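[1] pasting the sequence and the predicted coordinates here, then a few questions.
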Amino acid sequence: MSYLELSGVRQTYGAHRAVDDIDLSIERSELVAILGPSGSGKTTLLRIIGGFVRPTAGTVVLDGVDITHRPPQRRRMGMVFQAYALFPNLSAADNVAFGLRVARRPRAEIAARVRELLEMVDLGEKGDRYPHQLSGGEQQRVALARALAPSPQVLLLDEPLSALDARIRLFLRQEIRRIQRQLGITTVYVTHDQEEALALADRVVVMNRGQVEQIGTPADIYGHPSTAFVAAFVGAMNRLQATVQDPSRGLLTIDGQTLETGHLPPGIAAGASVQVLLRPERITAASDGGANHLTGTVDEVGFLGATVRVRLRLKEQACSMDVVYDPERELPRPGDRLQVFVPPSALQTLHDEEAAAAAAAPLLG
Amino acid sequence: MGHVRARSRPSAGALAVLGLAVIFFVLPLAATVQFSLQHGSQAITLAPYQEIVSDPLFWGSLQFSVTMALLTIVLGMLVVVPAAYWVRLRLPQAHGVVEFICLLPFVVPGVVLAIGLARAYGSGNAGPLSNFQVLLVGAYTVLSLPFLFRAVDSGLRAIDVRTLTEAALSLGAGWPAVLWRVVLPNIRAGLLAGAFLVFAIVLGEYTIASLLGFSTLGVYTELEGAAHAHAAAALVVLSFALVWSCIGLMQIVSGGGTRMLEGGGAR
């Protein structure tokens, strides 16, 4: 049995199912990110784990003990909130000491633990500052130290970096990962930022409309999305309309150009219409003719910093490719004819119902 | 970079408004002080003040009023703080209803309230409420509901009640600790403001105390005013100074309740 087990967890508000029959197993010392758009039910799920919401159905088991009906103050789970939630009347050190004081730990132990934790989050010198005297990033580090002070069994983080600017966010993300590894604490991290989830987590749970779409390692989620929603939500993706030409050889045509794919749905007939998903970074420039090439006219060139996104018009449709920016090399210009290579493994096809779901999600191309 | 905005000078219009406000508030006070010290064109005398402070009835009514005010503050806080907190935390949809109930004392005249209370509870069958002193504290608590609720509620609005509560709970704090260590210290400015208002209201209240037959400071002032006009003016000046001293004292005792306002609460 896993360290933290959620079985058949459901939360309904009237007819609306905020969380719909979720099963999730989290191992000891694992960092699991729950990723999803607004309203996907990810925060509700975290609040169920933390005990702030009592689920309509299902159980939450921690280390073999059913804690479904245990109030939050007796769950031993540290929580970090998006809005920091530091107690404004207490200094940083007193905030960190709060959990130890309510647990009536000896004074000397509290002082030592507070010092240790403030040093761990690199705020050893700022213990006497009040929250309003600290920057957003510093406040969130104090909040992290405070949540960790009573040595919780599980650490819960609810979009902890959303309110911070980009540079601090990146730094703090690494800090959270370092501290989590150092302490080996089981952690559930809720975010709507896919980059954050992929960079931090051992495993990612992608949620949509109250349900789990896919659970897997960051590489699984990105490289082998199991549903159209995951494919659309995680990373940039081209979506193209194609016709099956020869199912036995995995051949299909996109705007009259033939391509081979390793992922045709089983039992599909020649002439069937399918949707094809293709990551922009899997397309590479190719100078020679040959198999699995697409030819088109450059429509648009967008500079993104480390990469350049080139939009290629095929005929009716267009697809985008990412090129690593190299100041030594000339970039394609709008109007140029370009031939690109598409590896067969990069072309993923969708069933009809999946394609319909994907149509609702934002995609490229 | 590093540009510091110069302190802007107040405009002539703002100064004019300020001047009018000062005249509006200070002039009657100055006139009262002058009237309490001088009989017509005679020399300045402290006799009216001596008359007041040497009257045992004054000290008796003052002690009674201060006691009633403190009891009202305690009872009012016990009722209003948990109610306002719970409404903010769990029943935001009931906020309007609770606010309406708390505003009701504004539309019920003091005379009606006093007579109604005396008739409802004065028969001797209402347990502790048949004791008119208990009844008076209850009446004052009802009377101060609009002020207390507004003050406490605005204090609660300035902090993120739900998140702070959940943060405290996740750290292992029980409900009493959440209220005592997290909520109350962070709405101290609101609590103090409410306490000041209640204190001032109870010290000056006349109608209910008079109808229920108590000699409070308000009743004493009224009786004194009917008999000795100059002494009544001196009494007004004294009670004005007394209320402000008590407010200052509460501020000092509570360690300066405005610090949290300057710092701002959690958002």
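    That came in fine, so what should we check first? Residues are numbered from 1 along each chain as shown, chains lettered A, B, ... in the order given.

[2] now chain A against chain B: closest residue?
    Distance from chain B to each residue of chain A (C-beta to the nearest C-beta) is smallest for A:Gly99, at 3.5 Å. C-beta coordinates here come from the backbone N, C-alpha and C atoms, glycine included.

[3] surely that residue and B:Ala177 touch.
    No: counting by C-beta atoms under 8 Å, A:Gly99 does not reach B:Ala177; the two are 10.5 Å apart.

[4] quick one: contacts of stretch A:200-217?
    A:11, A:17-24, A:30-37, A:39-42, A:44-45, A:173, A:176-177, A:189, A:197-198, A:218, A:220-221, A:224-227, A:229-230, A:233-234 (C-beta atoms under 8 Å, 6 or more residues apart in numbering or on different chains).

[5] give me the buried subset of those.
    Buried by 16 or more other C-beta atoms under 10 Å in any protein chain shown: A:11, A:17-20, A:22, A:24, A:30-36, A:40-42, A:44-45, A:173, A:176-177, A:189, A:197-198, A:218, A:221, A:225, A:227, A:229-230, A:233-234, out of the contacts of stretch A:200-217.

[6] what strand or helix carries the residue of chain A closest to chain B?
    helix A:92-102 (DSSP states H and E).

[7] tally of neighbours for A:Asp63?
    15 (other C-beta atoms under 10 Å in any protein chain shown).

[8] same question, B:Leu156
    Neighbours of B:Leu156 using other C-beta under 10 Å come to 21.

[9] isn't it right up against B:Gly190?
    Yes: if you go by C-beta under 8 Å, B:Leu156 and B:Gly190 touch, sitting 7.1 Å apart.

[10] which residues of chain A score low on pLDDT?
    For chain A, the stretches with pLDDT under 70 are A:287-290, A:351-365.

[11] which parts of it sit against chain B?
    Chain A has residues A:50-52, A:71-79, A:81, A:83-89, A:98-99, A:102-103, A:130-133, A:143, A:146-147, A:149-150, A:156 near chain B, with proximity defined as C-beta under 8 Å from any C-beta of the partner chain.

[12] looking at the chain, which helix is longest?
    All of this is about chain A. helix A:166-183 (DSSP state H).

[13] um, chain B though
    Longest helix in chain B, counting by DSSP H: helix B:56-89.

[14] end-to-end on stretch A:127-147?
    Using C-alpha to C-alpha, to the nearest Å, one end of stretch A:127-147 lies 15 Å from the other.

[15] list the buried residues in that stretch.
    So for stretch A:127-147, counting by 16+ other C-beta under 10 Å, buried means A:127, A:129-131, A:134, A:137-147.

[16] close to chain A, is the helix or strand harbouring B:Asp153?
    If you go by DSSP H and E, B:Asp153 is part of helix B:132-157. No: in terms of C-beta under 8 Å from any C-beta, no part of helix B:132-157 sits within range of chain A; the closest distance is 11.8 Å.

[17] give me the mean pLDDT for that helix.
    Averaged across helix B:132-157, the pLDDT comes to 89.

[18] would you indicate which residues of that helix are buried?
    B:132, B:134-153, B:155-156.

[19] can I assume A:Val32 sits in a strand?
    Yes: assignment of A:Val32 by DSSP: H, G, I helix; E, B strand; the rest coil places it within a strand.

[20] who's it bridged to?
    A:Val188, A:Arg203 (DSSP bridges).

[21] hang on, the earlier thing: please flag which of the buried residues of stretch A:127-147 sit within helices.
    Those of the buried residues of stretch A:127-147 lying in helices (DSSP H): A:Gly137, A:Glu138, A:Gln139, A:Gln140, A:Arg141, A:Val142, A:Ala143, A:Leu144, A:Ala145, A:Arg146, A:Ala147.

[22] tell me which residues touch the fourth one, please.
    Spelled out, that is A:Gln140. A:Val80, A:Tyr84, A:Pro160, A:Leu161, A:Leu164, A:Leu172.
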